[in-house]
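A.B. asks: show me how the following folds:
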Amino acid sequence: MRCFRYMTLLFAVTISANAFSSNTAISPATYEALTDVQELLQQQQYPEAEEQLSKLKEKLKPSFGLALVHQLYGQLYLSQDKTSAAIGEFEAALALNVLPVAQEASMAANVAQLYLSLENSGAAIALLSSRLPRLLKQEQELLESGKKKVGLIIQPMVFATLGLAYHLEQNYPGVVQWMPMAIERSDGPKESWLQVLSLAYYQQQQYDSAAEVLAQLIVLKPDNEDYWVQRASMFQLLEQPANTLAVLESAYAAGVLKKDNNLLLLVQLLISQGIPERGARVLNRAISENQIELNEANWKLLAMAWQQGREREDAIVALSQAANMSENGSLLLRAARLAFQDNHHQQAAELAEQAYEMGLSAKEQASSLLLAGTGWFELQRYPQARTWFQRALKEPDSAAAARTWLDYIDTLEEYL
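C.D. replies: Numbers count the residues shown, from 1 in each chain. Got it, this is the predicted structure:
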């Protein structure tokens, strides 16, 4: 509340700027009396200030001077934490319709903010939305007439206040109408203004506009990971995976992407966009630096990335780690098959044996027995190969193949 207490009137500037305007001119006596009241307020001599204001209010007809009296009354009540009474005085000043454009707009915004402090966003909207179109028209007329130089007559905060009020009402079209005007008129828009606008665009399903606002937020707060991810999400909703990936990769390169779910999203996008090896390197680094939980799912994702990137040795390591995390024999069997494809027969045989011992489905058991036997056979270690083929002979799914391998080994041994 204190932020509204000492709104400087700048009497001298107001009078000199409007000395030849019958609407805003005040007599020297009124000027002196108002100045005295302002000094009393600054000195917190509230009873004396109220007494002088009462005398002025009785004496003055509806005029600019009376509007200033109401304004000072409002300041007096704010100083005493009488918010409702202050609002009444400020509204009385506005109702006289004698204030210059800039002053009326600023006062209306201050009153709207007071309404917002009382959680009355509807009153704030009614006050500002009824005035701003007219004030904007008057501003344009002043600029066109040359009475005012090109610049800001109505300040950005006026539009931001109305935009915020609409936001509190979840009236997103209202936010989209007014908040951009606050941002356009501001040399440095506030983070909260951009947040409110990006949410409004999202709620309106204007995802491209939301992405643009989030880009401004990133410039403002480049270390905020959420802004990067939210912008990437807008491109996801627009079904633009290349742009989604570009944003996340930029965040990763800048060292901003740190949350495990965001790193996993980057990895999955790299894989889906045909860059699995890069995805695997990102995931491997995140795992090694404890940024991502060491669990079966993440090891499996790493294995898939390495495998799609044709890095079979790394995929085997990842599958083995995943299997150890969950005691999943199926993962070891996959690792064994990859090792066999690379002609790493001993590794394939040993992994197949481990997979069998860890536990597999009936069909996978048959496959692991044959793979272990074949691996040892390729190494010409026939006794070990025979052991595993004999086990395979007992399984319905592998019996026929095992008999063929055993017969072949018998034939070879006859000639050894």
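
A.B. asks: give the contact list for S330.
C.D. replies: A323, A355, L360, S361, E364 (CB atoms under 8 Å, 6 or more residues apart in numbering). The C-beta positions use only the backbone N, C-alpha and C, and glycine is treated the same way.

A.B. asks: let me see the ranges of the helices in the stretch 151-300 of the chain.
C.D. replies: For the stretch 151-300 of the chain, applying DSSP state H, counting those that start in this stretch gives helices covering 156-168, 172-184, 191-203, 207-220, 225-237, 241-253, 260-272, 276-288, 296-308.

A.B. asks: in JSON lines, list those helices along with mean pLDDT.
C.D. replies: Formatted as JSON lines, the helices of the stretch 151-300 of the chain follow (pLDDT from 0 to 100):
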{"stretch": "helix 156-168", "mean pLDDT": "97"}
{"stretch": "helix 172-184", "mean pLDDT": "96"}
{"stretch": "helix 191-203", "mean pLDDT": "97"}
{"stretch": "helix 207-220", "mean pLDDT": "97"}
{"stretch": "helix 225-237", "mean pLDDT": "97"}
{"stretch": "helix 241-253", "mean pLDDT": "95"}
{"stretch": "helix 260-272", "mean pLDDT": "90"}
{"stretch": "helix 276-288", "mean pLDDT": "82"}
{"stretch": "helix 296-308", "mean pLDDT": "71"}
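
A.B. asks: return the most buried member of the ones you listed.
C.D. replies: Highest mean neighbour count of these: helix 156-168, a mean of 24 (counted as mean count of other CB atoms under 10 Å).

A.B. asks: what sits up against that one?
C.D. replies: Taking CB under 8 Å, 6+ apart as the rule, helix 156-168 contacts 105-106, 108-109, 112-113, 115-116, 121, 124-125, 128-129, 132, 172-175, 177-179, 181-183, 185-186, 189-190, 192-193, 196-197, 199-200.

A.B. asks: same thing but at 6 Å, please
C.D. replies: 105, 109, 112-113, 121, 124-125, 128, 174-175, 178-179, 181-182, 185-186, 193, 196 (CB atoms under 6 Å, 6 or more residues apart in numbering).

A.B. asks: how many neighbours does K55 have?
C.D. replies: 13 (other CB atoms under 10 Å).

A.B. asks: could you do D314 as well?
C.D. replies: Around D314 there are 19 residues (other CB under 10 Å).

A.B. asks: measure it to G375 for me?
C.D. replies: 20 Å (CB to CB, to the nearest Å).
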